[in-house]
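Chemist: Here's a sequence, model it:
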Amino acid sequence: MEIVIISIVAFLAAILTFFSGFGLGTILTPVFMIFFPVELAIALTGVVHFFNNIYKLGLVGKNANKDVLVRFGIPAVIAALAGAWVLINIKDTQPLFSYDAFGNNFDVYPVKFLISILLIIFASMDLIPYFSNLKFGKNKLPIGGALSGFFGGLSGNQGALRSAFLIKAGLSKEAFIGTAVVVSTFVDFTRLGMYATKFLKSGLVDNLTIVLIATLSAIAGAYIGNKLLKKVTLRFLQVTVAILLIVLSIALGAGII
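Modeler: Residues are numbered from 1 along each chain as shown. You can find the predicted model right below:
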């Protein structure tokens, strides 16, 4: 049963993340956690996410904007190393606060709470008319890359911050998605390399079948997402990303994900 559920979620999330630039890891990790221990769930999600990015790289990587890739991507990779190092070396992080709701206890951690505040600010800019045509100058791209890369290495939540900056970089929809995929692939490769020791100890090898099926499902979703891309406008993409960012921000800030 877990294979069916995880495969369906991977398929649908991959379609979503093709447009938004984030979502697969965020959605898939909690689903894996239903069936596996936390450490193993993170490992399984990370592998599916990486190979899905490799496939998307072949589909849309050629559309990446090289100038933005250098200014944004290099700081992201360097910062991802720092974030992953912090995650590996800091243990037993205490929650910022906890609360009970709907019969469950939710812990809100400092990193995710900070990310949620940043995302709400960025997302609101796309929904307020005054900011709708605002673009970040190229001098701001290294800052965005460093922020998204660091938090990606630290918490795995890299896509939302990356999309928040790149959507304002003046790119076409094809260049936005292509650039996001290339940066995401390199950040994934960087952080997975840092996590490798933990992953090997977590039982990843014993669950290769479910990794393979989930990866194929995600690739199928990415394929369909690529076909649908031609039918959407850049403004639709901007609004969709903004709404998804706000929903994700609330979930992160509330300790739900």
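
Chemist: Residue 163 contacts residue 181, correct?
Modeler: No. Judged on Cβ atoms under 8 Å, residue 163 makes no contact with residue 181 at a distance of 11.3 Å. In short, each C-beta sits where N, CA and C put it, glycine included.

Chemist: the helices in the chain, which residues?
Modeler: 2-20, 24-35, 38-60, 66-68, 74-89, 110-127, 141-155, 159-166, 173-201, 208-229, 234-253 (DSSP state H).

Chemist: Can you tell me which of those helices is most buried?
Modeler: helix 159-166 (a mean of 26; mean count of other Cβ atoms under 10 Å).

Chemist: packing partners for it?
Modeler: helix 2-20, helix 24-35, helix 110-127, helix 141-155, helix 173-201, helix 234-253 (3 or more Cβ pairs under 8 Å, 6 or more residues apart in numbering; DSSP states H and E).

Chemist: swap the cut-off to 10 Å and go again
Modeler: helix 2-20, helix 24-35, helix 74-89, helix 110-127, helix 141-155, helix 173-201, helix 234-253 (3 or more Cβ pairs under 10 Å, 6 or more residues apart in numbering; DSSP states H and E).

Chemist: can you list the helices of the chain in a markdown table and add mean pLDDT and distance to residue 95?
Modeler: Shown next, in a markdown table, are the helices of the chain (pLDDT from 0 to 100; distance: least, Cβ to Cβ, whole Å):
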| stretch | mean pLDDT | distance to residue 95 |
| --- | --- | --- |
| helix 2-20 | 81 | 26 |
| helix 24-35 | 74 | 17 |
| helix 38-60 | 81 | 15 |
| helix 66-68 | 91 | 36 |
| helix 74-89 | 86 | 16 |
| helix 110-127 | 68 | 8 |
| helix 141-155 | 85 | 13 |
| helix 159-166 | 76 | 21 |
| helix 173-201 | 80 | 21 |
| helix 208-229 | 86 | 29 |
| helix 234-253 | 70 | 12 |
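
Chemist: Ok, which of the helices and strands packed on helix 159-166 comes nearest residue 224?
Modeler: Closest to residue 224 of the helices and strands packed on helix 159-166 is helix 2-20 (Cβ to Cβ; 5.6 Å).

Chemist: Can you give the distance from the closest one to the centre of its chain?
Modeler: Here helix 2-20 is found 13 Å from its chain centre; the criterion is Cα atoms, centre = their mean, to the nearest Å.

Chemist: Can you give me the end-to-end span of stretch 83-100?
Modeler: 30 Å (Cα to Cα, to the nearest Å).

Chemist: Going forward, count from 51.
Modeler: I'll keep to 51 as the first residue from here, and by that count the last item is stretch 133-150.

Chemist: Quick one: distance of that stretch to the chain centre.
Modeler: Per Cα atoms, centre = their mean, the centroid offset for stretch 133-150 relative to its chain is 19 Å.

Chemist: my guess is residue 298 meets residue 75, correct?
Modeler: No. Counting by Cβ atoms under 10 Å, residue 75 is not a contact partner of residue 298; they are 11.3 Å apart.

Chemist: Out of the helices and strands packed on helix 209-216, which is closest to residue 259?
Modeler: Short answer: helix 52-70, nearest of those by Cβ to Cβ, at 7.7 Å.

Chemist: If I take that closest one and helix 223-251, what angle do their directions form?
Modeler: 140 degrees (axes from the mean of the first three to the mean of the last three Cα atoms, to 10 degrees).

Chemist: Which secondary structure elements does helix 52-70 sit against?
Modeler: helix 74-85, helix 88-110, helix 209-216, helix 223-251, helix 258-279, helix 284-303.
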